[in-house]
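>>> model this:
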Amino acid sequence: MNEKRWERSDLASFSQLVHEVIGGSVRRHTFTQWELELLLDLQNCKMRKAARTDMLRRYLKAVQQGFSQEGATLLRLSAFLEREGQRRGNGAASDALAAEAVQSAS
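Alright, predicted model coming up:
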């Protein structure tokens, strides 16, 4: 995603988009570059539909925490999924999650 510094309005727009995706209906017709990249990243990251809502909420929380750090840039969803897979250890599910994230990032 773009390496620009985020403004508070960017974070609000990002949060709104994630909530729209979680809710199942995106209500906008125009997208910024980083919003399109997020949607494409989400489409390319293979995850169970049942896990998607929880994962998006955790991703949103991670982005919000990153925003609170000065100079933060947007964390790609695939990078977040890879980090989450590594954090969870060497279980089969986390290995599969990390592999999917790496595959989708390429």
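>>> correct me, but Val18 touches Thr53?
No. The pair Val18 / Thr53 is not scored as a contact, 10.3 Å apart, by Cβ atoms under 8 Å. Quick note: C-beta positions are derived from backbone N, CA and C, even for glycine.
>>> So for the two, which sits in the more crowded spot?
Higher neighbour count among Val18 and Thr53: Val18, with 19 against 13, using other Cβ atoms under 10 Å.
>>> Kindly list the longest helix within this protein.
helix 49-68 (DSSP state H).
>>> Pull out the buried positions in whichever helix or strand comes after that helix.
With elements assigned by DSSP states H and E, the helix or strand that comes after helix 49-68 is helix 77-87. For helix 77-87, burial by neighbour count (16 or more other Cβ atoms under 10 Å) applies to Leu77, Ser78, Ala79, Phe80, Leu81, Glu82, Glu84, Gly85.
>>> Would you mind writing the CA trace of helix 77-87 as CSV?
These are the backbone C-alpha positions of helix 77-87, laid out as CSV (Å, rounded to 0.1, in the frame of the first residue of the first chain):
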residue,chain,number,x,y,z
LEU,A,77,-3.8,-7.4,5.3
SER,A,78,-1.6,-10.2,3.9
ALA,A,79,1.3,-9.0,6.1
PHE,A,80,-1.0,-9.0,9.1
LEU,A,81,-2.2,-12.5,8.4
GLU,A,82,1.4,-13.7,8.0
ARG,A,83,2.3,-12.1,11.3
GLU,A,84,-0.7,-13.6,13.0
GLY,A,85,0.2,-17.0,11.7
GLN,A,86,3.7,-16.7,13.0
ARG,A,87,2.5,-15.4,16.4
